[in-house]
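Colleague: Show me how the following folds:
(one chain, ligands or ions: 2)
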Amino acid sequence: MSSSIFALASHAGRAGVAVVRASGPLAGPGIQALAGPLPAPRQAALRQLAYRGIPIDRALLLWFPGPESFTGEDVAEFHIHGGLAVREALFSALFDLGLRPAERGEFSRRAVENGKLDLTRAEAIADLVDAETPAQLHQALRQHDGALAELYDGWRAALISALGRAEAAIDFSDDGVGEEEFAASQAVAKNIIEQIQVHIDDSGRGENLREGLRLTILGPPNAGKSSLINVLARRDVAIVSDRPGTTRDVVEARLDIAGYLLQVADTAGMRQTDEPIEAEGVRRALAHAKSGMTLLLLDGSLQNPRAGLPPDLPEPDLTVWNKSDLGFARQGLSISLKTGEGIPELLEMLQKKVQQKLDSKDGAPPLTRPRHRHALQQALAHLQHGLAAPKDHPELLAEDLRLAMRAIGRITGRVDVEELLDFVFRDFCIGK
Ligand SMILES: Nc1nc2c(ncn2[C@@H]2O[C@H](COP(=O)(O)OP(=O)(O)O)[C@@H](O)[C@H]2O)c(=O)[nH]1
Ligand SMILES: [Mg+2]
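Modeller: Ligands and ions are numbered 1, 2, ... in the order given. All right, here's what the predicted structure looks like:
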């Protein structure tokens, strides 16, 4: 019999209401010990909570008998007042009754183990909790609704049928049927290869959407890079100074641009320098610019705005001329971080760039995690290897189809689940 667990499902700290969840065989006896008879399933009941004659709270109770619950086990929910003493009193009563505090992600993990959720849906719960922008929320909800599970399970199902045909080719290798089955099996494998390639060849759209797309501000010292991140973030994240070389570390701010999370980074000014800390800042700036988008900010009032820029500077996604208040004419977008001129236009351009990078072209659900990408790359390699099998050796194709199937099955948790669970749930918070 599995152990019974409890955890705070809501935010720790003072609040009007806090939700404590319990799951496992002791969830029901827990309610009975603290509040009397079990309420009707899935109906809220207002009860006095007390343990060993000492009152704890007046609380709302919910009772979800398994398997019709989030975890698939018996689940109790206590909606108590959100104060430290109330919470501690309930926790120690539950502990005394034989329940133990849950580990990270243990509720979701039990839901997966009991077949209530596949792994992509469980991961979507974590994404929903972490979502900061509407686009992240939308993507997580879709995944929670099973968009990715359906896609991956669909490929897996197609591979199962291809495997069946490859096995038929083994059985009937002596007559003409064998060759036909072999060709049919190959055709399915080819088709799945194409679909996987389209899906993973998305320049990290879903992952960038989930984690935030990077925008690195690059440029010479004094161009106004720190002023720009402050204007974008609408707060003072970086120190602005007329002393060149002020910014040395990479300073980051998170923005919501048209519903997408953008992680803007201010960096050290690019120039040749003998000063070791500043040189390290330049090195970090270039390293940071390797992923995501870059914005090159230049002081348009200077004779030679690009002086001192390293020759290997990556081609920027956007080039912007600053200090238009000092008066100059340049091709492209000119702004003044001093007067605010051109800032709305800059925001609009940024928004377009972000949408170009992150908007879906065909509405297909995007790849959202490196874990999925890795499994799909493995599946691709097996399928490509299988296609090279000669037709008089259908067993070689069959073996690769099996390996590809297993790789895809690992994404939703259809196979080898145990080894995967620790990896997937270690980033969850307690009570989820
Ligand atoms: N005139 C003018 N000065 C600016 C503008 N933007 C920034 N500055 C000034 O330029 C100097 C350098 O700015 P800062 O943001 O620290 O540049 P960074 O070195 O690129 O981070 C500061 O003295 C700012 O006040 C602007 O649009 N017009
Ligand atoms: Mg700076």
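Colleague: Just the helices from the stretch 51-200 of the chain, written as ranges.
Modeller: 84-96, 106-113, 119-130, 134-144, 147-171, 176-200 (DSSP state H, counting those that start in this stretch).
Colleague: what's the angle between the fifth one and helix 176-200?
Modeller: Note on geometry: by axes from the mean of the first three to the mean of the last three C-alpha atoms, to 10 degrees, helix 147-171 and helix 176-200 are set 160 degrees apart in direction.
Colleague: Other residues contacting helix 147-171?
Modeller: Helix 147-171 has contacts (C-beta atoms under 8 Å, 6 or more residues apart in numbering) with 118, 120-121, 124, 177-179, 181-182, 184-185, 188-189, 191-192, 195-196, 199, 364-365, 368, 372, 379, 394-395, 397-398, 401-402, 404-405, 408-409, 411-412, 414. All C-beta atoms are positioned from the backbone trio N, CA, C, and that covers glycine.
Colleague: Filter these down to just the buried residues.
Modeller: Neighbour-count burial (16 or more other C-beta atoms under 10 Å) applied to these gives 118, 120-121, 124, 178, 181-182, 184-185, 188-189, 192, 196, 199, 365, 368, 372, 379, 394, 397-398, 401-402, 404-405, 408-409, 411-412, 414.
Colleague: quick one: contacts for Ser252?
Modeller: Careful, residue 252 is Glu; it's not Ser. Taking C-beta under 8 Å, 6+ apart as the definition, contacts of Glu252 comprise Val237, Gln263, Val264, Ala265, Asp266.
Colleague: go on, Leu309?
Modeller: Counting by C-beta under 8 Å, 6+ apart, Leu309 touches Gly219, Pro220, Met270, Arg271.
Colleague: Read off the pLDDT value for the first one.
Modeller: Per-residue pLDDT puts Gly219 at 93.
Colleague: Find the nearest non-adjacent residue to Leu262, please.
Modeller: Leu255 (4.7 Å; C-beta to C-beta, 6 or more residues apart in numbering).
Colleague: what's the answer for Pro67, then?
Modeller: Closest to Pro67 by C-beta to C-beta, 6+ apart is Asn114, at 6.9 Å.
Colleague: hey, C-alpha coordinates of the helix or strand in which Ala404 is found in CSV?
Modeller: Under the criterion of DSSP states H and E, Ala404 resides in helix 394-412. Coordinates of the C-alpha atoms in helix 394-412 are reproduced here as CSV (Å, rounded to 0.1, in the frame of the first residue of the first chain):
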residue,chain,number,x,y,z
PRO,A,394,13.2,-7.0,-42.4
GLU,A,395,14.3,-8.0,-38.8
LEU,A,396,16.8,-5.1,-38.9
LEU,A,397,14.1,-2.6,-39.8
ALA,A,398,11.8,-4.1,-37.2
GLU,A,399,14.5,-3.6,-34.5
ASP,A,400,15.0,0.1,-35.3
LEU,A,401,11.3,0.7,-35.4
ARG,A,402,11.1,-0.8,-31.9
LEU,A,403,13.9,1.5,-30.7
ALA,A,404,12.3,4.6,-32.3
MET,A,405,8.9,3.7,-30.7
ARG,A,406,10.5,3.4,-27.4
ALA,A,407,12.2,6.8,-27.7
ILE,A,408,8.9,8.5,-28.6
GLY,A,409,7.1,6.5,-25.9
ARG,A,410,9.5,7.9,-23.3
ILE,A,411,8.2,11.4,-24.0
THR,A,412,4.7,10.7,-22.8
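Colleague: Tell me what angle that helix forms with helix 119-130.
Modeller: Using the same axes, to 10 degrees: helix 394-412 against helix 119-130 is 30 degrees.
Colleague: now for helix 394-412, which elements pack on it?
Modeller: The elements that helix 394-412 packs onto, with contact taken as 3 or more C-beta pairs under 8 Å, 6 or more residues apart in numbering; DSSP states H and E, are helix 119-130, helix 147-171, helix 176-200, helix 370-387.
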